[in-house]
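Asks: Any chance you could fold what I've pasted below:
(one chain, ligands or ions: 1)
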Amino acid sequence: MLGFSIQKILLLVAILGAVWWGFKWVSRLDRLRKAADKTASRSGAPRVEEMVECPACKTYQVPRADKSCSNCGRPL
Ligand SMILES: [Zn+2]
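Replies: Residues are numbered from 1 along each chain as shown. A predicted model of the protein is given here:
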């Protein structure tokens, strides 16, 4: 009835090992993701840039060093 053959025990050990290894892998990925989030939030300034509207051509763009429109060339 309740035959515990060596094959069944080995299969059970293999399944338990796979589950344990999978859990370890998932927790490692989670730890790496949290570390990456921490690094990203610690880097300071948010990655956004203020855009301005060109009064001449009405396009929005990031101001360049020479403060001129990249579309029409007029000053912003
Ligand atoms: Zn323009």
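Asks: Going along the chain, name the helices of this structure.
Replies: Here the chain has its helices, by DSSP state H, at 6-42.
Asks: I'd like to know how far Pro63 sits from Asn71.
Replies: Pro63 sits 13 Å away from Asn71, going by C-beta to C-beta, to the nearest Å. Yep, even glycine has a C-beta here, placed from its N, CA and C like the rest.
Asks: I meant to write Cys54 there.
Replies: Cys54 is 6 Å from Asn71, by C-beta to C-beta.
Asks: quick one: which of the two has more around it?
Replies: The neighbour count for Cys54 versus Asn71, taken as other C-beta atoms under 10 Å, is higher for Cys54 (18 against 13).
Asks: Glu53: neighbour count?
Replies: 12.
Asks: Quick check: beta-bridge partners of it?
Replies: For Glu53, the beta-bridge partners are Tyr60 (DSSP bridges).
Asks: now it: how far from the ion?
Replies: Glu53 sits 9 Å away from the ion, going by C-beta to the ion, to the nearest Å.
Asks: thought that residue was touching Pro63?
Replies: No. When contacts are counted by C-beta atoms under 8 Å, Glu53 is not listed as touching Pro63 (10.8 Å).
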